[in-house]
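Participant: Sequence first, predicted coordinates after that:
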Amino acid sequence: MQYTFTVLLSVLCSWAIAQKGPNTYVNYINAQTARLHLEYLAGDELEGRETGKVGQKKAAVYLSQQFNSYGLPQVEGSYFQRFPVREITPQNIEVSINGKSFQFMKDFLHNSNFKDDTITNTSLVFAGYGIEDETYDDFTDIDVKGKIIIIKDGEPINKKGIRKVSGTSENSKWKERSEKINLATSKGAKGIIVINADVAMYRDNYQHYFNKSKMKLQSDPYDYSIPVISIDEVLADSLLKAGGLKKGFEKTFEKINKKGKDRSRNLSLKCTITSYMVDNDITSENVLGFVEGTDLKNEILVVTAHYDHIGKHGDVIFYGADDDGSGTTALLMMAEAFAKAKEKGNGPRRSILFMPVSAEEKGLLGSRYYSENPIFPLENTVADLNIDMIGRIDEPHEGNPDYVYIIGSNFLSTDLHEINETQNKLHTQLQLDYTFNSVDDSNNFYRRSDHYNFAKHGIPVIFYFNGVHEDYHQPSDTVDKIDFNKLSKITRLVFYTAWEIANRTERPVVDGDVK
C-alpha cells in the first residue's frame, strides 16, 4: 500500500512539473532576444544568405554556435548535414538567328531547367501552338526532327471563349507547357522557342528571379533535355515575318483561333543556341540542434525554418528579415527554451530536432535532402512544425497583428490540428486564420515551404505563416519593419504546441491522406 502511494505521488509530481514547465521556459522567447538574432541574420555581413555563398555559410556557423552555447550536442559528430548541389548560371547562354545575336533578359528568358547543349545553324519551324490532338494538330504536314520549333503558349480559343481541343470553355491538358515540350522532344526537336505574352512583365518585375543562380540536388535530373527559351510577341512578330510568314504573329494566330486550323511551316531562318550554364558544384548545409528525449526519445519531433534567402543582385542586398530570418529566429529561441528545460531536468519525453534548413529558395532542396536522407528514421518522426515568415502583417490583417495563418494542420492528423488549437486557446489567443489551408489554394502555399517535404512522406505538419507583403523578395525586407512582439507571440504558440507533442503519451494519430 505504501509502495503504491509512493509511485502515485511520484507520477503526480512529475505531472505537476510538466504542467508548469512550458510557462517557466517560454520566457526565453521574447522580443529582445528575437531582435538580437535577427539583426545579425538579416544584417549586411550575411549579404542575403544565398545558398552556397559566404553569407549562408556564416549564417550556418552562427546557428551552430548558438546550438553549442545552449548545450546541445552534435549529431553524428557534427552540427551540419551537408548536401551536394548543382549550381546553374542562367546568363551563360547564347542565341543567334540568321547571324543576329539575342541577349538573355533583354530579348529572351528561360527557366534554366534543361541540359547544356550546343545547337548550330539549325532550321526553325513554326508549329502554331505545338499541339497534337484528335481535334487539332500542329504537326500534320511538318517534320521537326533535328530542328528548333517556335510555338505559342496556351491553346486555340475563339472569340466566344471556346477551346478548339476540348470544344468547351475548359482548358485541355495543352494549357500546360510541359505537355508541349515533352511532345516536341519525342518528335526529335532540338530546341523550343515559346511565344509568351508575359515575357515583358516577367522581365520588368522579376528580373532578380531570372538572373539569380538556380540550383538542383546533384542527383536530380533536368526537367527537359532540350533548350527552352521564351520571347515576347513583338520579337515573335519580327521573326515570323523575317522567316516568310508575311501576316506576322497577330494575324496568323487570329486565323488559327478563328478557323481552328494550324499554319505550321518551315521558316527561312537558322538558329544557334549554346548553353553552358552548369558551371559549379557546391555544398550547402542543414543545421542540427538536437534535444534528446527521455522515455520516448526514439520518437522525433522536427521543427524547421529556412535560413537561406536570395542573396545579392549586384551590390543590392536582399536581406530576408521576414523571409525567413523571422522563422529562423523563432526556431533559435525555441531551441534555447527546450535546452534550458532539459538542463533543469524537465526535458521533453520525445526528442526534438531543431533544423534550420538551406536552399529553400532554390526549390526546398535542404528539407527534401533530409527527407530522402533522414538522420532519424521518418517512421519515428511524429510531426514537423515549420515556421516561414512570421514577423510582418499582411494587408488583410492591417491593424491586427495577433493572427497567424495555419496551413496543413488537419490534412494528415486531426490530433495535431486539435493540439495546436487547444494550446492557442490556453496560452496565446491568436486569430488562427485558415484562409490558405487548402490544397486548391491558388497561391499553393501548402507546397511552397519546407513542411511539404515531410507531409509528402505522410508525416503530420503545421505551417505557421503571416502572409506575403509588399517587401516579399525585395531588398526592403529589412529588420526595421519586423514586429518583434508578433514574432514572439507566434513563436510561443509553436513552442506550446511542440511542448505538448513532445510530452503527451501518444504521438499524433495519422488519420488523413497525403495530399
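Facilitator: Cool, the structure landed.
Participant: where in the protein is pLDDT low?
Facilitator: 1-20, 262 (pLDDT under 70).
Participant: Can you give me the distance of F139 to N171?
Facilitator: 20 Å (CB to CB, to the nearest Å). (Each C-beta comes from the backbone N, C-alpha and C, glycine too.)
Participant: Give me the more crowded residue out of those two.
Facilitator: F139 (19 against 14; other CB atoms under 10 Å).
Participant: and the more buried one, how far is that from I226?
Facilitator: In terms of CB to CB, F139 sits 16 Å off from I226.
Participant: Got the domain ranges for the protein?
Facilitator: 17-84+281-503, 93-276 (automatic domain parsing).
Participant: Please name the bridge partners of the spatially closest residue to P73 that is not a sequence neighbour.
Facilitator: Distance criterion CB to CB, 6 or more residues apart in numbering; nearest residue to P73, sequence neighbours excluded, is F290 at 6.3 Å. Following DSSP bridges, F290 is listed with bridge partners L353.
Participant: Surely F290 is in contact with E76?
Facilitator: No - between F290 and E76 there is no contact under CB atoms under 8 Å: 9.7 Å.
Participant: Of those two, which one has the most company?
Facilitator: Counted by other CB under 10 Å, F290 and E76 do not tie: F290 has more neighbours, with 22 against 8.
Participant: ok, now which ones touch A339?
Facilitator: By CB atoms under 8 Å, 6 or more residues apart in numbering, the residues touching A339 are Y70, G71, L72, V291.
Participant: let's see it at 6 Å
Facilitator: A339 makes contacts with Y70, G71, L72, as judged by CB atoms under 6 Å, 6 or more residues apart in numbering.
Participant: Please indicate which of the residues you listed are buried?
Facilitator: Y70, L72 (16 or more other CB atoms under 10 Å).
Participant: quick one: which of the contacts of A339 is nearest G128?
Facilitator: L72 (60.2 Å; CB to CB).
Participant: what about that closest one, which helix or strand?
Facilitator: L72 belongs to no helix or strand when assigned by DSSP states H and E.
Participant: Make residue 1 into 593 and carry on from there
Facilitator: Sounds good: first residue 593 from here, last item L664.
Participant: Look up how far T920 lies from it.
Facilitator: From L664 over to T920 the distance is 16 Å, taken as CB to CB.
Participant: which SS state does I711 fall under?
Facilitator: Secondary structure assignment for I711 (DSSP: H, G, I helix; E, B strand; the rest coil): strand.
Participant: so who does it touch?
Facilitator: Neighbour list for I711: K782, G783, I865 [criterion: CB under 6 Å, 6+ apart].
Participant: quick one: contacts for E637?
Facilitator: E637 touches nothing, counting by CB under 6 Å, 6+ apart.
Participant: Okay, it and Y620: tell me how far apart.
Facilitator: 25 Å.
Participant: next one: T710
Facilitator: In terms of CB to CB, T710 sits 57 Å off from Y620.
Participant: can you check D1075 too?
Facilitator: Distance of D1075 to Y620, given as CB to CB: 19 Å.
Participant: Check which residues of the helix or strand containing Y962 are buried.
Facilitator: Under the criterion of DSSP H and E, Y962 resides in helix 957-964. By 16+ other CB under 10 Å, the buried positions in helix 957-964 come out as L957, G958, S959, R960, Y961, Y962, S963.
Participant: Pretty sure M807 sits in a strand.
Facilitator: Yes - counting by three-state DSSP, M807 falls inside a strand.
Participant: how about the most centrally placed residue in the chain, what does it touch?
Facilitator: Most central in the chain under CA atoms, centre = their mean is R1040, positioned 4.0 Å from the mean C-alpha point. Taking CB under 6 Å, 6+ apart, we find R1040 in contact with no residue.
Participant: Just the strands from the stretch 943-1092 of the chain, written as ranges.
Facilitator: Counting by DSSP state E, counting those that start in this stretch, the stretch 943-1092 of the chain has strands at residues 973-979, 995-999, 1023-1025, 1053-1057.
Participant: quick check: angle from the last one to strand 995-999?
Facilitator: Read that as strand 1053-1057. Calculated by axes from the mean of the first three to the mean of the last three CA atoms, to 10 degrees, strand 1053-1057 forms an angle of 150 degrees with strand 995-999.
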